[in-house]
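Enquirer: Kindly generate the corresponding structure for this input.
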Amino acid sequence: MTNSSLAGCEAGGWLAQAKNLVEQEGTPFLCVYLDQKTRQFKLVADSESRKELRESEAFSELKEILSRTNEKKTKLQFYDDLCDAADAKSCRQLMPVESVKTNQETSLKVQMLLPHHSYDKLPVEILRIIFGYMTPTDLRNILLVSQTWKSVAEEPVLWTGFDLPDVCRRHVQALMMFSNLSLFSKLQHLALSEFFFKLKDEHVELFCDLGLSSIEISNIDLSEVSDQLLGRLVSGCKECVIKVLQDKHWGRPGVNKAISIISEIQDNSNLKSLELIHYDNLIMMATGEKRKMSLTYIPSDFLTRLFKKLDSLALENLLLSSDQLVLIFDHIANLSRFSFRGIHLNATQTTHLINIVGKTSQLKSLSLSEVNLDEIPVMDLAKAINKMETVDFEDVLMEANQIKEILLEIISGDSKMKNLSMTGIKNGINEDNLFDIDAVVFANAVNKLESIYFDGDLPETMIKEMFQVMSLGTNLKTLGTPSNQIAVDTFYHITEVDPQVLATALNNLQSVRFDFGGDQEVNECFLSVAQMQAFFKQLSLKTKVKTILRKDFYDFVV
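Expert: Next up, the predicted model:
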């Protein structure tokens, strides 16, 4: 190979491909050849293989083989060896040069007769759809294919979820090196957590001008980073999650730091979604409630400016003043998602909250926990809740007639609700009210939804009626939520359902979960052999099922 040919290779030929294999994909590479013009032996390899080859006798042996081959002056053929070195007979031999030339000429004639297609000529919209299915790792390779592909693959929307490589969290040198690469500008999500070294201002400044889509701050020591800089970083993001654990060892960023970050968010921030979550399992003896993170000394006018641009707000386990609660409720009308969990409300404040929810037309998702709804008028509560598409109630006080009216509204067809989760629903004497609902009402309402989640077991009548209605047709896509499905075999009374009815019902869903006794809480499978046989038989005949899940095992697609 001549120097001129090498220059051509370096411009984008096999040397460029070899370099990409080594540096981008981490592929060990080793090539030794004899340059016919300079009569010198050339070595192309990754750094580690080159070092080991130089220190071994193999390099001398390879040079001797190449010298003997060159002295024979025989006509050479090219071998593409894709097999194990010990199985030389199975290696694939390519065609001689004459055959290659003949085939190339034939191919050229065919190409002149047939239309020429180029992936570069695909519409940008098509490329964008195709690239949308690829991971950031795939996109890094796409950037190297052509200028056309590179221009499409660089679009920020395709890099959603691209986070820092793990090595950048372990070594400060790796973070600094990565920040100098063009790939660094593709970061869309930053999980500011679990760094193995203390972050300082100089490190955080690297992220401030990236235009991040989202950031999550949790389990990290930010004591050496200024509040103003963190506020600037958060202000540049569209979504922010701050999680605080009340623990002197693992609770960083800590309550004070979290509040300081919130206080430094700029008026002209890009924030559209904010989650402020405080985790603390310590129960206060005086109130019997979990310890809260107090925001009472943050000025109400600042919170007004902060919340007015938000589209989504989630607050959990916080202590808020009456004035702060009023201004938060006043901004619910501007939100599409509102999560309000573990925050104390008196009867007047609860009524005010439900009235506002009932009047808003923009709010689509509502999540409430540790709230007493039992004093809200039945019809007012039902009308307000059924304006939501997604409702999540946890540890909420409700009466059976309130739940029934919500379900009747769903059956009537006037409801917008698609997803309902109810766990820990109690009445004033701590009894589970979900099981007091009429089985027919429950079954018909559930099958009008796309997902339903509840805890505990259901009575036999409710189980049988639910699957009976489901077998006739359902809107449900799964039992449980997409991220937390209910294992069908954990229902105690499931064995009482007719096998064919159950098989038809489950095959009307899109996703089904079986644990076969593998659940830690319910370590027994209540499905009968006849029921399992009927399900899989129906699965082979007519089904809507796309996915079957088993907890703690890999998902597999049907």
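Enquirer: quick one, phi psi at residue 239?
Expert: phi -130, psi 140 (degrees, to the nearest 10).
Enquirer: If it is in a bridge, with which residues?
Expert: For residue 239, the beta-bridge partners are residue 214, residue 273 (DSSP bridges).
Enquirer: so how far is residue 307 from it?
Expert: According to CB to CB, to the nearest Å, residue 239 and residue 307 sit 15 Å apart. Any C-beta I mention is one placed from the backbone N, CA and C, and that applies to glycine too.
Enquirer: before we move on, what about residue 314?
Expert: Taking CB to CB, one finds residue 314 at 12 Å from residue 307.
Enquirer: now residue 526
Expert: From residue 526 to residue 307 the distance is 47 Å (CB to CB).
Enquirer: quick one: the helices in the stretch 301-450 of the chain?
Expert: For the stretch 301-450 of the chain, the helices defined by DSSP state H, counting those that start in this stretch occupy 322-330, 347-359, 378-385, 400-412, 439-446.
Enquirer: For the second one, output the C-alpha coordinates as PDB.
Expert: Coordinates of the C-alpha atoms in helix 347-359 are reproduced here as PDB (Å, rounded to 0.1, in the frame of the first residue of the first chain):
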ATOM      1  CA  ALA A 347     -61.900  21.000  56.000                       C
ATOM      2  CA  THR A 348     -62.200  24.500  54.500                       C
ATOM      3  CA  GLN A 349     -59.000  24.300  52.500                       C
ATOM      4  CA  THR A 350     -60.000  20.800  51.200                       C
ATOM      5  CA  THR A 351     -63.400  22.100  50.000                       C
ATOM      6  CA  HIS A 352     -61.600  25.100  48.400                       C
ATOM      7  CA  LEU A 353     -59.300  22.700  46.500                       C
ATOM      8  CA  ILE A 354     -62.100  20.500  45.200                       C
ATOM      9  CA  ASN A 355     -64.100  23.500  44.100                       C
ATOM     10  CA  ILE A 356     -61.200  24.800  42.100                       C
ATOM     11  CA  VAL A 357     -60.500  21.400  40.500                       C
ATOM     12  CA  GLY A 358     -64.200  21.300  39.500                       C
ATOM     13  CA  LYS A 359     -64.000  24.600  37.800                       C
END
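Enquirer: Quick one: list the elements packing against that helix.
Expert: Here helix 347-359 touches helix 322-330, helix 378-385, going by 3 or more CB pairs under 8 Å, 6 or more residues apart in numbering; DSSP states H and E.
Enquirer: and if you look at the last one?
Expert: For helix 439-446, the packing partners by 3+ CB pairs under 8 Å, 6+ apart come out as helix 400-412, helix 460-472.
Enquirer: Out of these, which is closest to residue 511?
Expert: helix 460-472 (13.7 Å; CB to CB).
Enquirer: right, and residue 273 touches residue 242 too?
Expert: No - with contact defined as CB atoms under 8 Å, residue 273 does not count as touching residue 242 (11.8 Å).
Enquirer: ok, these two, which is more surrounded?
Expert: residue 242 (22 against 18; other CB atoms under 10 Å).
Enquirer: Got phi/psi on the more buried one?
Expert: According to degrees, to the nearest 10, residue 242 has phi -120, psi 120.
Enquirer: I figured residue 349 was touching residue 323, is that so?
Expert: No - taking contacts as CB under 8 Å, residue 349 lies outside contact range of residue 323: 11.6 Å.
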